[in-house]
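Novice: no sequence on this one, just coordinates:
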């Protein structure tokens, strides 16, 4: 397997609050994401999952530590450059889809690519291609309000993938979906990951979702407590995750 | 916390959001108050009672327009308040407040807003009252001492009218809240779901719109007789409907077609702004149509003002062709009268003409005015001796040339069917001229210029008379000669022109009021668009936040916003510019004057103002949507 590093985090800390009343949310995180990884980060509420993802996706800034994406240190960049990094190198999947309700699904998917100045032919081709993979071909001309949650989230995933980003950050992608839609989406994510099209980092509290990943990191109290790696069997992996949760005892939600 | 306190709290926190609406409301109050104040002011009395009555009628007409305007504004503002409130109201419902209590909350809060606007409007109205008057008088070129008086009546009328309208709409809102279901209020938070309208509906609207607008334009420029007035009315109604259908049909249809054409859409920022326009157009098309109509009104008002002024100047010039005119049945008075005038004044030019005053029973006509025949060669001689243009051919024996007066307005634009029947023989009009050969008399009688032979043949159908015309070098010194001429015992009908006569001063006031209305309407339409965009920006905030999260650069978003707003301002402007050509053209015909330059200038003025509004809007939009303000991360 190709092991070139995509993202490398070293000793990442994040404090909130003003002087004297500071809470340390992240207490020194080290994490390396290689190409074609599918990582899930789990943890109870308050463990710092969202903070970590916000920092990774350059929406928030760390207090300390370094974060290298594709060989560049993101912590030292200006907003404008970060914006460009987000546009070119990172794909996002949000819990609440964040599709624009003013345009059709196809326009939503094509949006990042068309704004990048890619030729129209390529845009159209790519949207059709991705829509086929995600089973959305029949829905391309619909508006988000005409789609189910699962369809919307698959659409959002297509949008994240269309620019061929270095890494995809998914924040509780199944959080608002029913179990059938969740399964469909995760299967799709797994598929594009296995086809070598995407490196995925997913934050979730759901053991079922996490079991689709190749590696699961469990975050607790601002630190990574342990790492579980999937074997061949997803079911067995799921059981191990549940066991781990039980042993840690804290409140997963 | 009592309802009153809660309402006041809400009012305080939302004050900034509603500022634009409050300012616009205050602005309407200011204008309304100033017009009231002016109508009631003593300054107008100086123009004389006759003029004052004319002006009062104009002021009443304008008051009516302003009341309509105020109704619309308040309706719009209270609707915005209600829509915004409904979102929060859903939450109150879950807290267990009754509909009535929430309704009261809304009423109290909205009343606060209304009263604030009223207070602002009145205070600024009082401050600007004199300025307003001074500007108006300056435009009118009327020099009257302006007395600074504020009539309590105008304050009272303004407050009463405003509060009455405002309370009606507040109560309407209250009823709306009481009647609405919980579900409806809760879901008011949800976003507008339908982005596109049905295509077939749009196609129908678009076709209908073009047809209606085209018919309207046709009626506006169609030549006609007395029915022109009706045509103009039809045109106005059709154009207004047409513009609404255009914004509700053709324009969204065009953009939807563009959006469906992906090869076109996926280029630059088009995906963003074209989709946004489709979305906005559906919600805002009424506003766009209204601003287009409002601007059309403003240009027409301005053109009316200029046309009135042109005609007025024309009429003054017309009347002043001769300072003295005498009508007599004797044909030997020219030198006698001239000598009399020259005792005190220099005669620059003058001339005598023979006319034939037709007997009533010899003529068969629709109108009962005094009809006078003049012969071709007589007029030609007169024109030569006084130096007026004369380039007519001798009319044939069946036709005549109508030597007409200047009309302030004439609704008949097609003259080809006019005839006159004298002694059972019908003569057709060949041409019409308003060159003042016969000076003031041309306004008193209807003159028919006929072939010399016809004139001779009809000489028994009426009584011969002579008109003596004189122009003097110093018109201001006319009084002394006038007195001497009046003492003349030759049975004269004497007419003399007073150059300082202020009989028509009211036209000047009308002219300046028209200019003022233009400014008010243009300001208002700019304000409406500005307010709309200002409010929309808050709704768009979330969308732009998503886009920034996706890493779309500030620059890209700015470009998309610029294009979107350009359409918001550009579409009403373009529609207005095209329509104004027709409306002003129609007006120019009715007023028989050239108005193209007024049209072009006013469109340019609006253009400049809109460019200013556009840039202001754009900057504020970028701030309100959070694109420009620096993000905290």
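Specialist: That came through, no problem. None of these values were measured; they are calculated from a predicted model.
Novice: quick check: domain ranges of chain B?
Specialist: B:1-190, B:194-320+B:510-633, B:324-496 (automatic domain parsing).
Novice: Who are the contact partners of the residue of the stretch 151-253 of chain A found nearest chain B?
Specialist: Nearest residue of the stretch 151-253 of chain A to chain B, counting by CB to the nearest CB: residue A:159, 7.9 Å away. For the C-beta atoms, the positions are set from N, CA and C on the backbone; glycine is no exception. Going by CB atoms under 8 Å, 6 or more residues apart in numbering or on different chains, residue A:159 touches A:91, A:99, A:108, A:109, A:111, A:112, B:550.
Novice: Point out the most buried one among the domains of chain B.
Specialist: Stretch with highest mean neighbour count among the domains of chain B: domain B:194-320+B:510-633 (a mean of 19; mean count of other CB atoms under 10 Å in any protein chain shown).
Novice: Next, see if that domain gets close to chain A.
Specialist: Yes - under the criterion of CB under 8 Å from any CB of the partner chain, chain A is reached by domain B:194-320+B:510-633 at B:194-196, B:259, B:262-272, B:275-276, B:278-279, B:543, B:546-554, B:556, B:630-631, B:633.
Novice: would you list the contacts of residue A:159 in a markdown table and tack on secondary structure?
Specialist: A markdown table is the format used below for the contacts of residue A:159 (DSSP: H, G, I helix; E, B strand; the rest coil):
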| residue | secondary structure |
| --- | --- |
| A:91 | strand |
| A:99 | coil |
| A:108 | helix |
| A:109 | helix |
| A:111 | helix |
| A:112 | helix |
| B:550 | coil |
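Novice: wait, which of the residues you listed is closest to residue B:390?
Specialist: Closest approach between the contacts of residue A:159 and residue B:390, by CB to CB: residue A:111, at 73.8 Å.
Novice: Can you give me every residue that contacts residue B:571?
Specialist: Residue B:571 neighbours (CB under 8 Å, 6+ apart): B:247, B:251, B:288, B:292.
Novice: Out of these, give me the two with the largest separation.
Specialist: Maximum distance among those (CB to CB): 10.9 Å, for B:251 and B:292.
Novice: Could I get the average pLDDT for the helix or strand hosting residue B:291?
Specialist: For residue B:291, the element it lies in under DSSP states H and E is helix B:270-319. For helix B:270-319, mean pLDDT rounds to 85.
Novice: what does stretch A:116-129 give?
Specialist: 90.
Novice: what mean pLDDT does stretch B:29-40 have?
Specialist: Mean predicted confidence for stretch B:29-40 is 82.
Novice: what residues does that stretch touch?
Specialist: Under CB under 8 Å, 6+ apart, the answer for stretch B:29-40 is B:44, B:55-56, B:59-60, B:62-63, B:66-67, B:70, B:117-118, B:120-122, B:124-126, B:128-129, B:132-133, B:136, B:150-151, B:153-155, B:157-158, B:161-162, B:520.
Novice: need the contact list for residue A:172.
Specialist: A:95, A:203, A:204, A:205, A:206.
Novice: Looking at those residues, which are in strands?
Specialist: The strands, defined by DSSP state E, take in residue A:203 from those.
Novice: Now do the same for the residue of the stretch 501-633 of chain B found nearest chain A: helix, strand or coil?
Specialist: Using CB to the nearest CB, the single residue of the stretch 501-633 of chain B nearest to chain A is residue B:551, 2.6 Å away. Here residue B:551 takes the coil state, with states given by three-state DSSP.
Novice: which ones are touching it?
Specialist: Residue B:551 touches A:83, A:84, A:85, A:86, A:87, A:88, A:90, A:112, counting by CB under 8 Å, 6+ apart.
Novice: how close does it get to residue B:624?
Specialist: 22 Å (CB to CB, to the nearest Å).
Novice: Repeat that for residue B:337.
Specialist: In terms of CB to CB, residue B:337 sits 77 Å off from residue B:624.
Novice: Look up phi and psi at residue B:253.
Specialist: phi -60, psi -50 (degrees, to the nearest 10).
Novice: And it, what's its pLDDT?
Specialist: pLDDT, read off for residue B:253, is 92.
Novice: quick one, what contacts it?
Specialist: Contacts of residue B:253 (CB under 8 Å, 6+ apart): B:199, B:202, B:203, B:205, B:206.
Novice: hmm, back to that, most neighbours among the contacts of residue B:551, which one?
Specialist: Tallying neighbours with other CB atoms under 10 Å in any protein chain shown puts residue A:112 at the head of the contacts of residue B:551, with 26 neighbours.
Novice: leaving aside the residues next to it on the chain, what's closest to it?
Specialist: Spatial nearest neighbour of residue A:112, excluding adjacent residues (CB to CB, 6 or more residues apart in numbering or on different chains): residue A:163 at 5.1 Å.
Novice: count of residues packed around that neighbour?
Specialist: 20.
Novice: mind checking the SS state of it?
Specialist: Residue A:163 - assigned by three-state DSSP - is coil.
Novice: Would you confirm that it contacts residue A:86?
Specialist: No - Residue A:163 is not in contact with residue A:86 according to CB atoms under 8 Å; the separation is 10.3 Å.
Novice: mind listing the strands for the stretch 101-250 of chain A?
Specialist: Counting by DSSP state E, counting those that start in this stretch, residue ranges of the strands within the stretch 101-250 of chain A are A:167-171, A:200-203, A:215-220, A:223-229.
Novice: For the stretch 51-200 of chain A, which residues are neighbours of chain B?
Specialist: Residues of the stretch 51-200 of chain A lying near chain B (CB under 8 Å from any CB): A:54, A:58-61, A:79-80, A:83-88, A:90, A:92, A:94, A:98, A:100-104, A:106-107, A:110-115, A:117, A:120-121, A:123-124, A:143, A:145, A:159.
Novice: For the contacts of residue A:159, which single residue is the most surrounded?
Specialist: residue A:109 (30 neighbours).
Novice: Contact partners for that residue?
Specialist: A:127, A:130, A:131, A:140, A:155, A:158, A:159, A:162.
Novice: how many degrees apart are whichever strand or helix holds residue B:134 and helix B:270-319 in direction?
Specialist: Per DSSP H and E, residue B:134 falls inside helix B:99-140. Angle, helix B:99-140 to helix B:270-319, by axes from the mean of the first three to the mean of the last three CA atoms, to 10 degrees: 40 degrees.
Novice: Name the helix or strand of chain B that has the lowest mean pLDDT.
Specialist: helix B:182-187 (a mean of 66; mean pLDDT, DSSP states H and E).
Novice: Off-centre distance for the helix holding residue B:291?
Specialist: 9 Å (CA atoms, centre = their mean, to the nearest Å).
Novice: ok so, going back, pick out the lowest-pLDDT one from the contacts of residue B:253.
Specialist: For the contacts of residue B:253, the pLDDT minimum is residue B:199, 82.
Novice: Tell me the spacing between the residue nearest to that one when sequence neighbours are not counted and chain A.
Specialist: Distances taken as CB to CB, 6+ apart place residue B:256 nearest to residue B:199, at 7.0 Å, with adjacent residues excluded. Computed as CB to the nearest CB, to the nearest Å, the residue B:256 to chain A distance reads 11 Å.
Novice: And the residue of chain A found nearest chain B, which helix or strand is it part of?
Specialist: Residue of chain A nearest chain B, by CB to the nearest CB: residue A:86 (2.6 Å). Assigned by DSSP H and E, residue A:86 belongs to helix A:79-89.
Novice: what does that helix rub up against?
Specialist: A:57-58, A:69-70, A:72, A:74, A:77, A:92, A:112, A:115-116, A:163, A:165-167, B:548-554, B:630-631, B:633.
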